[in-house]
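Peer 1: Structure, please.
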Amino acid sequence: MSKIPVKNVTPEEKSLYVPREKIQVREIHGFFQKIRSYSLWGLMALFFATSWLSWSDRQAVLFDLPARQFHIFGITFWPQDFFLLSGLLIIAAYGLFTITNLAGRVWCGYTCPQSSWSFVFMWIEEKTEGTRNKRMKMDSAPMSLEKFLRRGAKHVLWLLLALATGITFVGYFSPVRELVPNLLTFNLNSWEAFWIGFFALATYMNAGWLREQVCIHMCPYARFQSVMFDQDTLIVSYDEKRGEGEKGRGARKKGVDPQAEGLGDCIDCSLCVQVCPTGIDIRDGLQYQCIGCALCIDACDSIMDKMGYEPGLVRYTTEHELEGGTTHFFRPRLVGYALVLGLMISGLIYSMATRTAFELDIIRDRGALYQLTPNDTVQNTYTLKLMNMSQGELSYHLKIEGLDGVITDMPETVKLQSNKMRSFPINIEMNPENLSESKTNIEFVVTEAATNTEIAREESRFIAPIN
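Peer 2: Here you go, the predicted structure:
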């Protein structure tokens, strides 16, 4: 029996782990890059500036966890408003589904925080270390004074931006006008210091070192996005029919007729690969690593312009259009997503518009169902919790309905400051001869004193022995 020859396998072939190849992204200018620059710097300005805005006598946007109050400009939300947050998160999810079905991963390419911070870090790298070719030469060159200074400047700027990001993020949970002076005087509490350091380190690592690894391996959206794609979804694609001729793609001099040479319009310059932040070749077809940033479109259009060819060899298009068909923008899945999204947004707006800036909670004493007093009356004890969630001080009238002849120590009028809660016990007494049942429904009614408008009504029980 003859032996089957065994191939010698190198240690590199045995390992299933492929080391990361550092991606040096080339800077490119164009229409889509300009759009992304506007959106990127706008989002950065929104993130860093909003925490410093004031509203009346407080920070405009402040999530005060110890006080369980969430201030967003003129509205204060409490834990009781958690259903609104749930609705907002569901709306955000369906909005992402709708956008993805319509235009692919444009969220990732233009507004995702990971992409935004990564592009800013790459911009800093470009300014400190030079162009792509200079950075690649610097990577392979031995350490020198110039290399040390350029690398050092880059990392210092990265760390400063990461620290500013951590401070700003924590500033949405701890008043930023107090946080920054406390930081400068080393007077931070342990939790503030921890979270500033945590988010600064996370920003520095994710945007500076990991970059595309977060998008490719850590972000779940890259894995399930294809479920929301169809043949009419706008995607960044390479027009293979136009780009590949009989002899494929290839270099040629300017002015040469590609059809006469049997070549496609693609001159195989690889510029689309050099500008890609995830390091893919868009000419290989649709890939889950593509974040839809359209840098390859700007790169290819610049080459087409230099060669005198029609732009759009790489463009936003659909599979139907590439196959010679027509794109259908109104399709069942997209319409379904849009309808559900519209209904949820309408429901949230209605809930916000009809939301009462007052909360009433009645708690019966759980220690005893009732007590018999020396006056031969039956007494029930309750705890009233009143919460003023408006932006000003208000007075409220309190009354009890459902029982006649009650004796109570409940105040008739209560004044509450803005975003304050008051809790106090009250006693209600009744002559048992006036009760026909052991359990009687009663209602606590609250009206706003200024307008005499009923704003809250809650039912409870009055319990007493019969006979």
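Peer 1: Tell me which helix or strand comes right after the helix ranked longest in the chain, heading toward the C-terminus.
Peer 2: Criterion DSSP state H: the longest helix present in the chain is helix 145-171. Going down the chain from helix 145-171, the next helix or strand is helix 176-184, by DSSP states H and E.
Peer 1: Centre of the chain to that next one, how far?
Peer 2: The chain centre lies 25 Å from the centre of helix 176-184; the measure is Cα atoms, centre = their mean, to the nearest Å.
Peer 1: still on that earlier bit, list the buried residues for the longest helix of the chain?
Peer 2: Of all the residues in helix 145-171, those buried under the rule 16 or more other Cβ atoms under 10 Å are 150, 154, 157-158, 161-163, 165-171. The way it works is simple: take the backbone N, C-alpha and C, and place the C-beta from them, glycine included.
Peer 1: Ok, stretch 437-446 next?
Peer 2: Of the residues in stretch 437-446, those buried by neighbour count under the rule 16+ other Cβ under 10 Å are 440, 442, 444-446.
Peer 1: cool, and stretch 36-51?
Peer 2: So for stretch 36-51, counting by 16+ other Cβ under 10 Å, buried means 36, 40, 43-44, 47, 50-51.
Peer 1: I'd like the average pLDDT over that stretch.
Peer 2: Averaging pLDDT along stretch 36-51 gives 95.
Peer 1: which residues sit against that stretch?
Peer 2: Residues outside stretch 36-51 that contact it (Cβ atoms under 8 Å, 6 or more residues apart in numbering): 59-61, 109-111, 116, 119-120, 164, 168, 171-172, 176, 293-294.
Peer 1: same check, this time on stretch 125-143
Peer 2: Residues external to stretch 125-143 that are found in contact with it (Cβ under 8 Å, 6+ apart): 22, 24-27, 147, 150-151, 153-154, 157, 274.
Peer 1: Who are the contact partners of the closest residue to residue 375 other than its chain neighbours?
Peer 2: Sequence neighbours aside, residue 429 is the residue nearest to residue 375 in space, at 7.5 Å (criterion: Cβ to Cβ, 6 or more residues apart in numbering). Counting by Cβ under 8 Å, 6+ apart, residue 429 touches 373, 375, 377-379, 406-408.
Peer 1: Tell me, how many residues neighbour the closest residue to residue 270 other than its chain neighbours?
Peer 2: Computed as Cβ to Cβ, 6+ apart, the closest residue to residue 270 that is not its neighbour in sequence is residue 281, at 7.9 Å. By the criterion of other Cβ atoms under 10 Å, residue 281 has 13 neighbours.
Peer 1: Could you give the backbone dihedrals for residue 281?
Peer 2: With angles defined as degrees, to the nearest 10, residue 281 sits at phi -110, psi 110.
Peer 1: Pull the contacting residues for it.
Peer 2: Here residue 281 is in contact with 270, 272-273 (Cβ under 8 Å, 6+ apart).
Peer 1: Now, these that are in helices?
Peer 2: 272-273.
Peer 1: Among the contacts of residue 281, which one sits closest to residue 212?
Peer 2: Nearest to residue 212 among the contacts of residue 281: residue 273, at 13.1 Å, using Cβ to Cβ.
Peer 1: residue contacts, that closest one?
Peer 2: Counted by Cβ under 8 Å, 6+ apart, residue 273 has contacts 279-282, 296.
Peer 1: By neighbours, which of these wins?
Peer 2: In terms of neighbours by other Cβ under 10 Å, the contacts of residue 273 top out with residue 296 at 27 neighbours.
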